[in-house]
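J.: Sequence first, predicted model second:
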Amino acid sequence: MVLRPRKSLGKLSAWLSKIPRVQDKDGRCLMIWIFLSPTSSEDPDKAHYRSTLERIRNALRMLENVLAVLHLTNVSPTALPRGYSSVTARSSQDSLLVHARHEDTGTTLLEVNGLLEKANSTSATEGLLRWSIKAYELTQVFEPRTSKGYNGSCMVTVSIEPGDSQSSDIDRWYRKEQLPMLGETSPALFLRCRRYRHIAETSVDRGGPTTDLLAVHEYRSVKALFQHSLDKGPVLEETEWSKKVLGNAKRVERTIWEVK
């Protein structure tokens, strides 16, 4: 009889541990997304290309405000899942995801851009890369408690350029529908979602279109995500609400990245 309360408490604790944490952020965390592609349409020397990326990554890590740098490779399939007919995938082959302190942001971005220009101007690498730089500030973290302390090797980015006066509708859609769907996904697959807002006033924001809103869904692995899509369909099923939101947006991109 004495064990019953303990068992009940254990069940309650287990149930509470599954409730995701939703934390609104004040923008103090900066994410700099560097999209990279070879300048030539022909396949570059892969070893040379990869070694150049690794040198750039190591140099970025040395910048004062930089906390971490991830190398991501685009693994998006040609055919996107159902429900994404109005969505395109980013064409960049690689990207470097830079997490930094949101302090003296303009200087940090200038340092990043200068480093890329220097790396691309040596006799061995001249003209090897083209890139675009986009800066975002963190606005929200959605994380199941079972995910804390784990990092995945797969990231799905959903970037949206809102239609006129659509930003609040997109935020409500994410909070009321998309995040609950992600929260119901198996912890063996989904880890967390981070949402960002583009910093429009940055002086170094070059190359390609910009989307104001960005969500990064982190999964345990690309293999696990693709297997789930084959067995059960997409993690986020198409709904009338999602069709309306995506249909009214000016631009939407959904890209699957593997963390190298």
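T.: That came in fine, so what should we check first?
J.: in whichever strand or helix holds Thr52, what counts as buried?
T.: Assignment of secondary structure by DSSP states H and E places Thr52 within helix 46-61. Applying a neighbour-count criterion of 16 or more other CB atoms under 10 Å, the buried positions in helix 46-61 are Tyr49, Thr52, Leu53, Ile56, Arg57, Ala59, Leu60. (Each C-beta comes from the backbone N, C-alpha and C, glycine too.)
J.: Ok, stretch 218-229 next?
T.: By neighbour count, and taking 16+ other CB under 10 Å as the criterion, the buried residues in stretch 218-229 are Glu218, Tyr219, Arg220, Val222, Ala224, Leu225, His228.
J.: Assign Tyr150 to helix, strand or coil.
T.: Remark: Tyr150 carries the secondary structure label coil [criterion: DSSP: H, G, I helix; E, B strand; the rest coil].
J.: Without its sequence neighbours, what residue ends up closest to it?
T.: The spatially closest residue to Tyr150, leaving aside those adjacent along the chain, is Leu191, at 5.9 Å (CB to CB, 6 or more residues apart in numbering).
J.: Look at that neighbour and give its secondary structure.
T.: Criterion first, three-state DSSP; result for Leu191: strand.
J.: Met181 now?
T.: helix.
J.: and it, how far is that from Pro234?
T.: Look at Met181 and Pro234: by CB to CB, to the nearest Å, they are 10 Å apart.
J.: possible to save the buried residues of stretch 218-229 as CSV with pLDDT, secondary structure and distance to Ala100?
T.: Shown next, in CSV, are these (pLDDT from 0 to 100; DSSP: H, G, I helix; E, B strand; the rest coil; distance: CB to CB, whole Å):
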residue, pLDDT, secondary structure, distance to Ala100
Glu218, 96, strand, 18
Tyr219, 96, strand, 24
Arg220, 95, coil, 25
Val222, 93, helix, 26
Ala224, 94, helix, 29
Leu225, 94, helix, 27
His228, 92, helix, 32
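J.: For the helix holding Thr52, give the mean pLDDT please.
T.: When the per-residue pLDDT values of helix 46-61 are averaged, the result is 84.
J.: What of stretch 73-92?
T.: Confidence over stretch 73-92 (mean pLDDT, whole number) is 59.
J.: Without its sequence neighbours, what residue ends up closest to Thr157?
T.: Thr255 (5.1 Å).
J.: just Ile160 next, same as before
T.: The nearest residue in space to Ile160 (CB to CB, 6+ apart) is Leu213, at 4.6 Å.
J.: what do you get for Leu116?
T.: Nearest in space to Leu116, with sequence neighbours left out and distances taken as CB to CB, 6+ apart, is Trp131 at 5.8 Å.
J.: Quick check: bridge partners of the one you found?
T.: Following DSSP bridges, Trp131 is listed with bridge partners Leu36.
J.: Report how many residues lie close to it.
T.: Trp131 is flanked by 23 other residues according to other CB atoms under 10 Å.
J.: Right, I'll leave it there.
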